[in-house]
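J.: My questions concern the predicted model and sequence given below.
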Amino acid sequence: MRVLGYKKKSKTELLKAVDDCVSISQLFALVQHEGLVLQMHAQQGASNLAPKKLSTDKSELKSPIEILKDRVRIAIVCQRI
């Protein structure tokens, strides 16, 4: 989908824009405008993979928006030249 008047950002501008997002809706709008592709992850019961053990260390717990930002950063690095 192309948004009129929107100029695509460079890789560094895009990574900074991800850091500046304060809400999930802002992050999703950025992903949509830039045409980034994010992969869905299947639930553990749907595969033969062993489940990951979640950390109980409070310093390692991330908020949902931080987890999404990490996924978007990975998509930017992998998809952009």
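T.: That came through fine.
J.: Give the buried residues for the lowest-mean-pLDDT helix or strand in the chain.
T.: Sorting the helices and strands of the chain by mean pLDDT, DSSP states H and E puts helix 64-79 at the bottom, at a mean of 89. By neighbour count on 16 or more other CB atoms under 10 Å, the buried set for helix 64-79 is 68-69, 71-72, 75-76. For glycine as for every other residue, the C-beta is placed from the backbone atoms N, C-alpha and C.
J.: Identify, from those, the entry nearest to Cys21.
T.: Closest approach to Cys21 among the buried residues of helix 64-79 (CB to CB): Lys69, at 6.9 Å.
J.: Looks like that closest one contacts Phe28 (just checking).
T.: No: here Lys69 does not reach Phe28: they are 11.4 Å apart, not a contact under CB atoms under 8 Å.
J.: Run through the helices of this structure in chain order.
T.: All helices of the chain, identified by DSSP state H, fall at 11-20, 24-34, 64-79.
J.: Which of these sits closest to Leu4?
T.: Among these, helix 24-34 sits nearest to Leu4 (CB to CB), with 10.9 Å.
J.: Which other helices and strands does that closest one contact?
T.: With contacts taken as 3 or more CB pairs under 8 Å, 6 or more residues apart in numbering; DSSP states H and E, helix 24-34 sits against helix 11-20, helix 64-79.
J.: What residues of it count as buried?
T.: Quick answer for helix 24-34 (16+ other CB under 10 Å): 27, 30-31, 33-34.
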